[in-house]
Each structure stands twice: as structure tokens, then as C-alpha cells.
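Asks: The following block contains a protein sequence and its predicted model.
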Amino acid sequence: MNKQKLINNFLDRGFLVSPDFLREFNLDQEIFLRLLNRKLKNKDKPFVLNKDLLNIFQEADFIPEINWLEFEKSRAFSEKGKKEKVYKTFLNILNYNISKKKKNDIDRIVKDVKKPEGKIILDKSEKEYSNIIVLKNYKEKDKKREINDFVGYFRSRYDKLREILQKRRELQDVVSIKRVLDKREKGDVSLIGLLANKHVTKAGNIILNLEDSTGRISVIIKKEDRELTQIAKNLVFDEVIGVRGLYNNKFVFCNSLYFPGFPEKELKKAEDDVYVVFTADLHFGNKNFLLKDFMKFIDWLNCKTGDKKQRIISSKVRYLFIVGDVVDGVGIFPGQEEELLIKDIYKQYEGCARLLSKIRKDINIVICAGNHDALRLSEPQPVLDKNLAKPLWDLPNVTIVTNPSVVNLHSSKDFDGFNLLLYHGYSFQYYADNVENIRIAGGTTRADLVMKLLLEKRHLAPSHTSTLYIPDSISDPLVIEKIPDFFVTAHIHRTTVSNYKGVSLIGCGCWIPQTPFQEKVGLHPEPSKVPLVNLKTREIKVMDFGK
């Protein structure tokens, strides 16, 4: 529908529209008009619909009573630079009453949900064990960070990844860069180095600058080698790679590139029919939090909804993972307060804990932090603060781990269980934007490609600028030392499931629709979707609680 027709339709119903309203309006017009008529009933209509009213009407299930004639007068004066305070007071009244009703709705819905009555078991033959073992949790040493800590951090990363690379048959005869540069004659060489720089020459060749603890050397990839050129385009700064090629006159002419990677992994399966559920990015406290959808999810976990088959499945859920951003936080980005329903971080965690307490107690819940949680942004992130998030710590079936962490679940005397690498994924946007094949394939909509990339690099944030980090001079906690059975991430707000060399890749969804901030940073969420994994078959299904 063109703008003129849109304006005429609003005029026919007694509404004028402002230019900023037209720029923002992207809804179904007829539905929106019916909502206006229902919300305003037979009260006097505002003379002009502007952007402020559009945002309010979209958010509200009702419109509080105000004097619309006086509201229109204050708006007109405000546009002329007069009595702006009166107009803002009207907007604050509208927003306050709507927010107050939303808070009351949260209290009512949470209060009305009945707690599960004991442990629900429909399959009497199932085994009674379910356990969580934290294999790798970051423990920080309090100390002042200095330049030597950064040097030690990168050296420890290089040494660990070099050790992994040297296990490859093709790199058994690797030598240091200094020894190569000392050679007087040309010949075949093998190197392992950190990628310090990369650029394309005027002739179309790619030059890689590799360095190790002994020196730096230039590696040339000729444009005629199209396969190698394509691989080189997707290299990222600071990653550790292996190179084989011909050394001649201080240069290495590359004929092969190698990554730490890993061989095909056997798809491990449990003997009993048990399920695990993954989710993240609740952003509790944001006014857009999809409370009703999340309550549907809790009711399903508690075997209160679905047909008989669905209830049998939900009764066999023994594990729930929440991979970061359990609350929306406070002061995370400029202007966030406009999106918050709950502006107290203590109350955000308290409200979230009240929701999670409704989940039946035989489900083990594992929670790690994300960039919106109330702790430092630099990775690795420690466990949630025991003071700020005390209500979560007090839940008897909750285990709180660091970001990242490695967790083992469902082990027994006859089965060594499944290892899960948990990482919220703050670095993902960098690789979605800067790695050519990922950017072309969909960028932030393809978290699965980012996960594959990081597994091949054996590091969660190989590039220096891809995330903030705390340098540990002894060991780099972001190195993927052992390949897990599950690699579970979040942050992108889209659910994705795939398999890579026997590793189940799971990107968790969210419980918040697209906000102006998400749109600004390039996130396109698909909320209320939850991956469900059968540990016996390793089959993964995505359930949609937004329907």
C-alpha cells in the first residue's frame, strides 16, 4: 500500500499521521486500526499519530485514560520547542501504567503456575541416574595484568596449538622460522606459525606473514592455485596454522595449508532414552521478554501440555542448559533503560529464578553467563556473582558454570557420558562479518558455520579483536584442547542444529523478539525455539513455543 492511500485510510478513521510515524510504520494497517479502536474504545481519539504513540500502541494491551485533547496540545507545543516537559510527562504516564500492568502480569502468571508434584516418570524401565560433572571451569587468579601477561598468553596459545598441529603426519618435520631463514639453498620446508598479517598484492597473490618465537617470514600463495587461494581468504588474524612449501630467497611459496582441526569423531550414544534441552538469551527484565511463550515451555517441561507422546518425551527430559544472558542486565548499551521493564539487576535475577523454580526438580539445570549478565564482559567470564544472582544459586537443581566451560552429563559406571563445550558466543559476530564464506552464506544467521570454523581453529576467539579477554600467561582458557561431543553456543538469537565430524553443533535460540538494538547490531532473532536432543539416538528436534 502506498503512503497516500495509507494516510487516507487513517484520515477516514479520524487520525492524522506524522512523517516519523510513516517512516516507522511497517505493520498490517487494518489490524493496527482495529487495535486502536479496541484499545481507545469510544474515547476521544488523538488528533495526530506520531512515532511515540506508535511505539506505545504496539506495546500495550490497553491504553490508560488520559485527556487526549490536552495530550495533543502538549505535543503541538513540544514540536514548537515549548512546554516539552508537559508532553514528556504524558508519555511517562502512558509508559509507566503499561509497564506497571506488565509487571503485574508477570507476578500473576508466575504465581498461577502450579509447581510439579514430585518426579514424573512414565517409563518405569528407565534408569534413575542423571548427573552433571563440571570438567573445566575457569578459576581466576587475582593479579595485576602487565605486558608480559599478554606475551605469555599468546605464547601459551601458540605452544598448545603447535603441539596439536605437530601430530599431523604432514607436519612431522616442522622447523622453526629462524632455521628456515638461515638456509642458504632453496628446498621444501614445513612451518607452524601465528598469522600476524595477510594482504593481497597487485598481481593477485596472497602474502601471509607468519611468526613464531624465533622470527617472522612471508608465505606466498599464488593466485593460480584457486583452491589454496580460497582457503587463504578465510584465514583470520592470530590463528595458528601449518604450512608446507618451497623456500627460496627468504620467501616460502606455499603448496599446502593445515589447521589444528580434528579427525572424524564417533557419534556417541546413551543406552537409555533420555532427553536434554538447550536454550539461552532469556533477557529477563526486558519489556519485550516473551513471558507467555516461556511459560508454555515450562508447562511442557512439567508434562502439563501436549498429547500423550509429547508428555512421554517431556517426562524423559533430565537436563536443561541455559547458555548465557539469563537477564537483560543494566547499562549494557546506551539507551537500554528504554527497553527495560525491570531496572534493578537484583530483581531481574530474582524474577528469573522464580520462573526457573517452577521447573520440576528432577531436571538438572546448567547456567553459564553471557555478555548481558552482571559481571565483566572479558572472557573467560567467571560464574554468576553469588550476591547479585543469589536466587539462582539457591535453586537446588541448578549448576552455575563459567563461560566457557566443559561439562560432562549422564555418565555411569558403564558409560563415560557426553562432554559438552559451552560458550555464549560473544566472538561470533566478528567472524560472521569478517570471514568471507560465512558473510556470503548469511553472516549472523549462520552460527553453524562459525562453530565449524572455531572447531577447525581449535580456539573460541583466535583473533585478537574478536572478543575482550583476560590474558593468562600460563594457559589460554579459550583453546579447545579436547573435542567435545556437543558444542553449544548462543548470542546470535537464532536456533541452529547440525553435525560436524561427529560433533553435534547447537546454537540456542532466544526469548525476545527483535529490538532496535538488535537490529542495529545485525541480529535477526527467531524467538521461542528450543532444541531437544535424544541422547539414545542423538536425534535433534526444534520445538517452537511461539505458535
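Replies: Looks like it arrived, so ask away.
Asks: for the protein, where's the lowest mean pLDDT among helices and strands?
Replies: None of the helices or strands of the chain scores lower by mean pLDDT, DSSP states H and E than helix 29-40, at a mean of 55.
Asks: After it, which helix or strand is next?
Replies: Downstream of helix 29-40, the next assigned helix or strand under DSSP states H and E is strand 48-49.
Asks: any idea how far the closest residue to T402 other than its chain neighbours is from D225?
Replies: Spatially, and ignoring its direct neighbours in sequence, T402 is nearest to Y138 (4.2 Å; Cβ to Cβ, 6 or more residues apart in numbering). (Glycine included, C-beta is placed from N, CA and C.) Y138 is 41 Å from D225, where distance means Cβ to Cβ, to the nearest Å.
Asks: try E79
Replies: For E79, the distance to D225 (Cβ to Cβ) stands at 63 Å.
Asks: Ok, H424 next?
Replies: Remark: distance between H424 and D225 (Cβ to Cβ) = 38 Å.
Asks: These two: which has the busier surroundings?
Replies: Neighbour count, other Cβ atoms under 10 Å: between H424 and D225, H424 has more, with 27 against 16.
Asks: Which residue is the nearest non-sequential neighbour of that one?
Replies: G324 (3.4 Å).
Asks: low pLDDT regions in the stretch 201-350 of the chain?
Replies: In the prediction, the stretch 201-350 of the chain carries no residues with pLDDT under 70.
Asks: ranges for the helices of it?
Replies: All helices of the stretch 201-350 of the chain, identified by DSSP state H, counting those that start in this stretch, fall at 226-233, 291-301, 308-315, 345-356.
Asks: Save the ones you listed as JSON lines, and put in mean neighbour count too.
Replies: As requested, the helices of the stretch 201-350 of the chain are exported to JSON lines (neighbours: other Cβ atoms under 10 Å):
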{"stretch": "helix 226-233", "mean neighbour count": "14"}
{"stretch": "helix 291-301", "mean neighbour count": "19"}
{"stretch": "helix 308-315", "mean neighbour count": "15"}
{"stretch": "helix 345-356", "mean neighbour count": "21"}
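Asks: Of all the ones you listed, which one is nearest E526?
Replies: Across the helices of the stretch 201-350 of the chain, E526 has its closest neighbour in helix 291-301 (12.0 Å, Cβ to Cβ).
Asks: could you say what helices and strands that closest one packs with?
Replies: The elements that helix 291-301 packs onto, with contact taken as 3 or more Cβ pairs under 8 Å, 6 or more residues apart in numbering; DSSP states H and E, are helix 84-112, helix 308-315, helix 345-356.
Asks: how about 7 Å then?
Replies: Under the contact criterion of 3 or more Cβ pairs under 7 Å, 6 or more residues apart in numbering; DSSP states H and E, helix 291-301 touches helix 84-112.
Asks: Toward the C-terminus from the helix it packs on, list the very next helix or strand.
Replies: Next in sequence after helix 84-112, counting helices and strands by DSSP H and E, comes strand 132-137.
Asks: So what touches that following strand?
Replies: With contacts defined as Cβ atoms under 7 Å, 6 or more residues apart in numbering, strand 132-137 is touched by N364, V366, T399, V401, T402, S405, V406, V407, N408, L409, S411, N419.
Asks: now S473, nearest residue through space, not along the chain?
Replies: In space, S473 is closest to G152, 2.9 Å off (Cβ to Cβ, 6+ apart).
Asks: phi, psi of the one you found?
Replies: Main-chain torsions, G152, degrees, to the nearest 10: phi -70, psi -30.
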